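My questions are about this predicted structure, shown below with the sequence.
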Amino acid sequence: MPYAWHETAPEDSGAVCFRLEIWPHRSLPRRGFVWVIGLTAAGLALPLLAVVGSAVLWGLLPFAALAVWGLWHAIQRSYGAAHEVMLLDRHRLILTRRDPGRADRVWRTNPYWVRASLRPGGPVEDYLVLTDGKRTVELGAFLAPEERVALRDELTRRLGALRG
């Protein structure tokens, strides 16, 4: 699952703190990235071997390099996608969403009033939202529908444990 819970206990109090990190799926891991770039460069270099030593090589080489650079750049940009972090303890809930090229969006509230729910009619299937009665925020919109359902169940359980 593209999210992880971390449990910590601060030294100054015996209260339990939860940290939730959510990130989008990475269809190409870093090791796969190296292979894709290497195979693309090798595939583009192979036809260039036929023109080594001629002026045609210098006409084709910039286009091959531009193609490899374009692929490199596009994949690197996809790795810098949205990221959400939630800090949760008995007295506070802080949700921070980081999007590339935008300022961080932060939502702070008292977790006692927070409810997690799924909305079937949202922009995505099983749209997961958190509400404290005053404001509603989305959570994990880039997750798969079954992951949002599982996350809602885990979050509801942890919020209930903090209240009780």
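Received it, and whenever you're ready, just let me know what you need. Residues are numbered from 1 along each chain as shown.

what about the spatially most central residue of the chain, distance to L159?
For the chain, the residue nearest the mean C-alpha position is W23 (2.3 Å; Cα atoms, centre = their mean). Distance of W23 to L159, given as Cβ to Cβ, to the nearest Å: 22 Å. To be clear about C-beta, it is placed using only N, CA and C from the backbone, and glycine gets the same treatment.

How about the contacts made by the residue nearest to the centre of the chain?
By Cβ atoms under 8 Å, 6 or more residues apart in numbering, the contact list for W23 reads 2-3, 81-84.

swap in H83?
21-23, 97-98.

Can you name the next helix or strand after the lengthiest helix in the chain?
Identified as the longest helix of the chain according to DSSP state H is helix 55-79. Where DSSP states H and E defines the elements, the next helix or strand beyond helix 55-79 is strand 83-88.

could you give the angle of the helix or strand just after that next one to strand 83-88?
Per DSSP H and E, the first helix or strand lying C-terminal to strand 83-88 is strand 93-98. Strand 93-98 and strand 83-88 are oriented at 170 degrees to each other (axes from the mean of the first three to the mean of the last three Cα atoms, to 10 degrees).

Can you pull out the residues in contact with strand 93-98?
Residues from elsewhere that reach strand 93-98 (Cβ under 8 Å, 6+ apart): 82-88, 104-111, 114, 130, 137, 139.

for the worst-scoring helix or strand of the chain on mean pLDDT, which positions count as buried?
Taking mean pLDDT, DSSP states H and E as the measure, the chain has strand 3-8 as its least confident helix or strand, at a mean of 86. Residues of strand 3-8 classed as buried by neighbour count (16 or more other Cβ atoms under 10 Å): Y3.

and if you look at stretch 17-36?
Quick answer for stretch 17-36 (16+ other Cβ under 10 Å): 17-18, 20, 22-24, 33.

One more: stretch 54-69?
Across stretch 54-69, burial judged by 16+ other Cβ under 10 Å covers 64, 68.

quick one: average pLDDT of it?
The average pLDDT for stretch 54-69 rounds to 94.

now stretch 77-87
For stretch 77-87, mean pLDDT is 83.

Compute the first-to-last residue distance for it.
One end of stretch 77-87 to the other measures 27 Å (Cα to Cα, to the nearest Å).
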